[in-house]
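> missing the sequence, but the structure's below:
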């Protein structure tokens with residue numbers, strides 16, 4: 001029995017004298033905890049821009065231009081499911097104001113299009129397909145509306161609220177409401193004073209468990225770039241009194257705010273193509289597998305959720321090349337994280353609280369935790385025979401707050417420990433990647449923390465290089 005296991009065993013012997021495990025700082029809601037566990041889902045940009053080959057429509061497009069010939073939301077859902085994604089968020093209304101549902105509060109909708117002779121409803125078909133394939137359904141609604149005559153007047157906020165109500169009451173459960181903060185039409189264009197508190201209240205009125213996305217959350221925040229990368233340091237907390245939709249210092253959102261007042265985790269949005277909407281000009285520019293793997297490690301691997309945009313084409317289908325790339329990525333992810341080598345190890349710690357023992361670190365349950373009684377803590381993973389690995393996955397018990405500020409990983413070599421890596425935050429998940437390492441012992445040292453650490457998992461994997 002090594003010294004860490006002895007310490008842990010002695011500490012556990014004190015029974016009821018153990019201190020109660022209390023949360024530290026801002027903590028996630030139950031809905032946010034469920035959202036974190038989704039990790040990876042699909043964004044779909046679709047609308048008149050798909051047919052006009054532009055990214056930002058001007059709102060004067062003839063709605064008849066929207067006429068997909070083979071629209072099949074079941075194909076989208078089947079693709080997302082096979083890709084390992086957990087949901088789909090659709091651009092129900094982009095800046096041009098075109099609604100993918102027959103809104104009663106606009107004349108720029110699928111009702112005025114040629115598709116299905118004006119009888120179609122993309123949101124209805126997609127929400128049904130998501131339910132069929134066991135996926136979450138989410139919606140993007142841009143408050144900017146370059147078509148609606150009321151935009152730029154006080155009356156428009158109520159128009160937008162009415163649209164939110166339609167979308168959130170007619171299509172079942174909505175897991176995420178995505179708000180784009182774009183506003184206005186240039187220096188001399190219309191300017192709308194958005195009533196964000198009213199918009200958010202409306203969402204919670206109809207979908208109390210929905211996660212609201214914007215620069216300021218309150219459910220999750222933009223990561224501050226459209227490249228798909230969170231910060232190497234990534235705090236899940238934000239000072240919400242400081243940040244607002246359209247916040248100019250958006251670079252702060254990449255790392256979040258240490259000791260922020262509220263739990264507002266980052267979501268990484270990025271497109272599989274150069275643009276957000278489909279364009280035939282980008283058929284040969286689908287991101288490579290190597291690029292997508294790098295994005296995965298830079299988002300999910302840094303404790304953020306990944307929202308990967310896969311624009312459907314003018315037929316209303318996900319193109320073949322995009323689908324193939326998604327399957328390639330899924331195969332790499334599945335093979336990399338298939339076998340947790342740590343389950344074969346003896347795991348010990350410098351201290352543990354009763355009911356929060358080190359065995360919880362390798363039980364594959366993200367809701368069971370090891371908790372230390374000490375701020376500076378150590379975990380040791382020891383094997384009977386040498387093992388080879390090149391990935392380490394660490395997870396904090398975030399329902400008790402984000403505590404770890406810095407940690408190090410050591411490997412046993414030549415009769416002593418040598419530091420392999422040193423990083424800052426962990427959060428929901430942190431994936432470390434390096435060349436093949438063969439050893440009998442690995443040590444994780446919490447070198448700086450806000451409070452005694454609480455971890456949900458320590459995993460080791462061997463990925464094909």
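That came through, no problem. The model shown is predicted, which means the values in this text are computed figures rather than measured ones. Residues are numbered from 1 along each chain as shown.

> The closest residue to residue 51 other than its chain neighbours and residue 114, how far apart?
Nearest non-adjacent residue to residue 51, counting by CB to CB, 6 or more residues apart in numbering: residue 65, 4.8 Å away. (Each C-beta comes from the backbone N, C-alpha and C, glycine too.) Using CB to CB, to the nearest Å, one obtains 8 Å as the distance from residue 65 to residue 114.

> Same check on residue 145?
Between residue 145 and residue 114 the computed distance is 22 Å (CB to CB).

> Residue 97 versus the residue nearest to residue 51, what's the distance?
When distances are taken as CB to CB, residue 65 and residue 97 turn out to be 14 Å apart.

> How are the helices of this structure distributed by residue range?
Taking DSSP state H as the criterion, the chain contains helices spanning 3-12, 30-36, 48-52, 73-82, 122-132, 154-169, 196-206, 252-255, 289-299, 320-336.

> Identify the residues contacting the residue nearest to residue 51.
48, 51, 52, 113 (CB atoms under 8 Å, 6 or more residues apart in numbering).

> Same question for residue 103.
Taking CB under 8 Å, 6+ apart, we find residue 103 in contact with 109, 111, 163, 166.

> Those residues: which two are farthest apart?
Pairwise distances across those peak at 13.6 Å for 111 and 163 (criterion: CB to CB).

> ok, these two, which is more surrounded?
For residue 111 and residue 163, the more surrounded residue by other CB atoms under 10 Å is residue 163, and the numbers stand at 24 against 20.

> how about the more buried one, what does it touch?
Residue 163 makes contact with 93, 99, 103, 105, 106, 141 under the criterion CB under 8 Å, 6+ apart.

> Any regions of the chain where pLDDT drops low?
In the predicted model, the chain carries pLDDT under 70 at residues 1-19, 185-189.

> Compile the contacts of residue 65 into a markdown table and extend it with columns for distance to residue 85.
Supplementary listing: those in a markdown table, determined by distance: CB to CB, whole Å:
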| residue | distance to residue 85 |
| --- | --- |
| 48 | 26 |
| 51 | 25 |
| 52 | 28 |
| 113 | 28 |
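
> farthest-separated two in those residues?
Comparing every pair within the contacts of residue 65 by CB to CB identifies 52 and 113 as the most remote, at 13.1 Å.

> neighbour count winner among the two?
When neighbours are counted by other CB under 10 Å, residue 52 and residue 113 differ, and residue 113 comes out ahead with 24 against 17.

> so how far is residue 64 from the more buried one?
As for residue 113, its distance to residue 64 is 6 Å (criterion: CB to CB).

> again, but for residue 136
Applying CB to CB, one obtains 32 Å for the distance of residue 136 from residue 64.

> quick one, which of these two is more surrounded?
Just comparing residue 136 and residue 64: by other CB under 10 Å the higher neighbour count belongs to residue 136, 21 against 13.

> for the residue nearest to residue 385 when sequence neighbours are not counted, what are its contacts?
Taking CB to CB, 6+ apart, and ignoring the residues beside it in sequence, residue 385 has residue 440 as its nearest neighbour in space, at 7.2 Å. By CB under 8 Å, 6+ apart, the contact list for residue 440 reads 382, 383, 384, 385, 386, 387, 412.

> Tell me, how many residues neighbour the last one?
Put plainly, it is residue 412. For residue 412, the number of neighbouring residues by other CB under 10 Å comes to 17.

> Ramachandran angles for residue 274?
Here is the backbone geometry of residue 274 (degrees, to the nearest 10): phi -60, psi -30.

> residues contacting it?
Residues counted as contacts of residue 274 (CB under 8 Å, 6+ apart) are 282, 285.

> Give me the distance between it and residue 226.
Using CB to CB, residue 274 is found at 11 Å from residue 226.

> same deal with residue 285?
According to CB to CB, residue 285 and residue 226 sit 15 Å apart.
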